[in-house]
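Chemist: Dropping the sequence and predicted coords here.
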Amino acid sequence: MAKASPGSGDNKELSEFLRSRRARVTPEQAGVTPGASRRVPGLRREEVALSAGLSADYYIRLERGRVANASEAVLEAVARALRLDDVERAHLFNLARPQSVARVSRPAVPRRVRPGAYALLEVLRDAPAMILDGRMDVLALNRMARAIFVDFEARPARERNLARFVFLDPAARELFIDWDMAARMIVTGLHLYAGRHPNDPQLAELIDQLSAVDEDFRRWWAAHDVEEFSHGTRHYRHPLLGEVTLNYETLIFPGDPDHWLFVSTAQPGSPSSEALRTLAGRIGDLDTSVHAGSASGSERLSDRQLQVHREKG
């Protein structure tokens, strides 16, 4: 994560976000006649200031992260000038008011799942479901999720994280046919969480680790894209089921916006639906503390086990 220089007071996250959004807006989109001598992609700072009704000096200081507690009217004007969507606008407000965010941010303490949420996972016994927090820590999951993804509960506590699985475990690149899309979704979600919790040391450790070892993560994190994925479709290549297409829904728990339920279902009557139904019927026979696609030999189902279960179908 970008940090301010000691004693500088600069808001690096805000600075990098504004620069990335400014580079994305073309002069034509902003109603500006582009000159022949333009050397920067997107808009110049002075053009953003003019479009937002601000002085050039003020916007330059804002983009450099040197304006504390910018007013709501100023941020609204900047959001319009940069053509931010609703998610980006909310992220801008969080980044521009770090002191306000810090006051409401919860301390980084172990997060407990309510008993009712565990019960909900058991009710969803025929659909892969897991409970995550904003850092992508996997707090709980049902047996179908263990069989489709990985048994996070069998891993060390630090490794029970969806981002670490997707970027650091080679099995994830085999499991997700659309790995790029799934991985970028995780990066944008982590950026949103960082805006709400700028001082979370566990998040900083996660970002530093992934940035150090994965070029894709490093590039996507530097892009500062933010997006909420409340629903969508993922494509998997599962070693037991073959290729399956699952629709996902993410549901935020009332009273705790940083806990959310991730549920996957298949289109009724589709081959993927039949595959899930078959897996659910055999789930008691499978060792669901083992993931068929894990990179670790101790966590892989044997080739013979896979062959036996395929032949049963």
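Modeler: Done, it's in. Numbers count the residues shown, from 1 in each chain.
Chemist: List the pairing partners of the helix or strand where Asp258 lies within its sheet, with orientation.
Modeler: With secondary structure defined by DSSP states H and E, Asp258 is part of strand 256-265. According to DSSP bridges, the neighbouring strands of strand 256-265, each with its direction, are strand 129-133 (antiparallel), strand 242-253 (antiparallel).
Chemist: Can you tell me what sits against the helix or strand following the first one?
Modeler: For strand 129-133, the succeeding helix or strand toward the C-terminus, using DSSP H and E, is strand 138-141. For strand 138-141, the external contacting residues (C-beta atoms under 8 Å, 6 or more residues apart in numbering) are 111, 113, 117-118, 121, 128-133, 149, 152-153, 160-162, 259. C-betas here are computed from N, CA, C, even on glycine.
Chemist: Please look at His231 and Leu251 and confirm they touch.
Modeler: No. Between His231 and Leu251 no contact is recorded; they are 9.6 Å apart, counting by C-beta atoms under 8 Å.
Chemist: Looking at these two now, which is surrounded by more residues?
Modeler: The residue with more neighbours, out of His231 and Leu251 and counting by other C-beta atoms under 10 Å, is Leu251; that gives 15 against 11.
Chemist: I'd like to know the beta-bridge partner residues of the more buried one.
Modeler: Leu251 has these beta-bridge partners by DSSP bridges: Leu261.
Chemist: who touches it in this structure?
Modeler: Leu251 touches 260-261, 263, counting by C-beta under 8 Å, 6+ apart.
Chemist: Please repeat the previous calculation with a cut-off of 10 Å.
Modeler: If you count contacts by C-beta atoms under 10 Å, 6 or more residues apart in numbering, Leu251 has them with 120, 129, 131, 230-231, 259-263.
Chemist: ok, now Ala182?
Modeler: Residues in contact with Ala182 (C-beta under 10 Å, 6+ apart) are 162, 166, 172-173, 175-176, 229, 232, 234-236, 248.
Chemist: hmm, back to that, deepest of the strands paired with strand 256-265, which one?
Modeler: Of the strands paired with strand 256-265, the one with the most neighbours on average (mean count of other C-beta atoms under 10 Å) is strand 129-133, at a mean of 22.
Chemist: Average pLDDT for that one, rounded please.
Modeler: For strand 129-133, the mean per-residue pLDDT is 96.
Chemist: same deal with stretch 13-24?
Modeler: Averaged over stretch 13-24, pLDDT sits at 95.
Chemist: can you list residues touching both of His231 and Leu251?
Modeler: Both His231 and Leu251 are in contact with Val263, where contact means C-beta under 10 Å, 6+ apart.
Chemist: Export the strands paired with strand 256-265 as JSON lines, with columns for distance to Asp200.
Modeler: What follows is these, written out as JSON lines (distance: least, C-beta to C-beta, whole Å):
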{"stretch": "strand 129-133", "distance to Asp200": "10"}
{"stretch": "strand 242-253", "distance to Asp200": "18"}
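Chemist: To Leu14, which of the ones you listed lies closest?
Modeler: Proximity of the strands paired with strand 256-265 to Leu14 was assessed by C-beta to C-beta; the nearest stretch is strand 129-133, lying at 23.8 Å.
Chemist: from the middle of its chain, how far away would the closest one be?
Modeler: Averaging C-alpha coordinates over strand 129-133 and over its chain gives two centres that are 13 Å apart (C-alpha atoms, centre = their mean, to the nearest Å).
Chemist: how near is Leu241 to Ile148?
Modeler: Per C-beta to C-beta, to the nearest Å, Leu241 is found 8 Å from Ile148.
Chemist: cool, Leu190 as well?
Modeler: As defined by C-beta to C-beta, Leu190 lies at a distance of 22 Å from Ile148.
Chemist: So the two - more neighbours on which side?
Modeler: Ile148 (26 against 23).
Chemist: And the more buried one, how far from His235?
Modeler: Spatial separation of Ile148 from His235 under the definition C-beta to C-beta is 13 Å.
Chemist: what do the two both touch?
Modeler: Jointly contacting Ile148 and His235 under the rule C-beta under 10 Å, 6+ apart are 175, 244, 246.
Chemist: And for the first one, the neighbour number?
Modeler: For Leu175, the count of nearby residues is 25 (other C-beta under 10 Å).
Chemist: distance of it from Arg218?
Modeler: Applying C-beta to C-beta, one obtains 22 Å for the distance of Leu175 from Arg218.
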